[in-house]
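Chemist: Okay, predicted coordinates and the sequence, questions at the end:
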Amino acid sequence: MKTETRTLDVLRQWFFEERVVAFTLKNSSRENIDRFADWIIETLENWPVEKPLLIAYDLSTTIFTPQARKRALEVYEAVPTTVQGRTAIVFPKNALGNFMKIFANKSMRVQNPRMERRFFVNLDEAAAWLNEFRSSTPSESEKTEGVLKGTPDEQRITNVTSPGST
């Protein structure tokens, strides 16, 4: 794991040979929220389109402020619509965490439909789930076997045959 810092309260960590990136916000001051969001957006703008986006946001020690809400929406809008992957969000395991999940669930519905998302209370579990990702582009054998998996908002497609098969 490689860890980078902007401040003691804003971290970026790379897991699994830099396949998974995680951003951690440890303090909800306005300055830290801005540094956190700016760093995420900078990373998203430079993300290679051919590489799956496997990203975690660790908010387990923060509080939800109007500034955090505003900047979260900017981050969600910065996710490229051309990439596929997964987003994991780590929330505190309390009533505030539940409120933050409701906001994230509602806000992220408009995000790239090729991005799966899941909520966690532990960064290690989130990173492990991200690392399990495999491209959702079906192989030829999957097409003929009828195994196409979509995002949670898409229906599963079964009994699909490849073009030219009878």
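Modeler: Structure received. Numbering: from 1, shown residues only.
Chemist: Pull out the buried residues from stretch 86-99.
Modeler: Within stretch 86-99, the residues scored as buried using 16 or more other Cβ atoms under 10 Å are Arg86, Thr87, Ala88, Ile89, Val90, Phe91, Pro92, Gly97. Where C-beta positions appear, they are placed from N, C-alpha and C, glycine not excepted.
Chemist: what do you get for stretch 44-57?
Modeler: Buried residues in stretch 44-57 (16+ other Cβ under 10 Å): Leu44, Trp47, Pro52, Leu53, Leu54, Ile55, Ala56, Tyr57.
Chemist: Let me know the secondary structure of the first one.
Modeler: Under the three-state scheme (DSSP: H, G, I helix; E, B strand; the rest coil), the conformation of Leu44 reads as helix.
Chemist: Wait, it touches Ala78, no?
Modeler: Yes: using Cβ atoms under 8 Å, Leu44 is in contact with Ala78, at 4.7 Å.
Chemist: so what sits against both of those two?
Modeler: Counting by Cβ atoms under 8 Å, 6 or more residues apart in numbering, Leu44 and Ala78 have no shared contacts at all.
Chemist: got a list of what the most centrally placed residue in the chain touches?
Modeler: Most central in the chain under Cα atoms, centre = their mean is Thr87, positioned 1.5 Å from the mean C-alpha point. By Cβ under 8 Å, 6+ apart, the contact list for Thr87 reads Leu53, Ile55, Ala56, Tyr57, Val79, Met108, Gln111, Met115, Glu116, Arg117, Arg118.
Chemist: quick check, it in a strand?
Modeler: Yes: assessed by three-state DSSP, Thr87 belongs to a strand.
Chemist: Can you get me a residue count around the nearest residue to it once chain neighbours are set aside?
Modeler: With sequence-adjacent residues excluded and distances taken as Cβ to Cβ, 6 or more residues apart in numbering, Thr87 is closest to Arg117, at 4.4 Å. As a burial measure, Arg117 scores 18 neighbours (other Cβ atoms under 10 Å).
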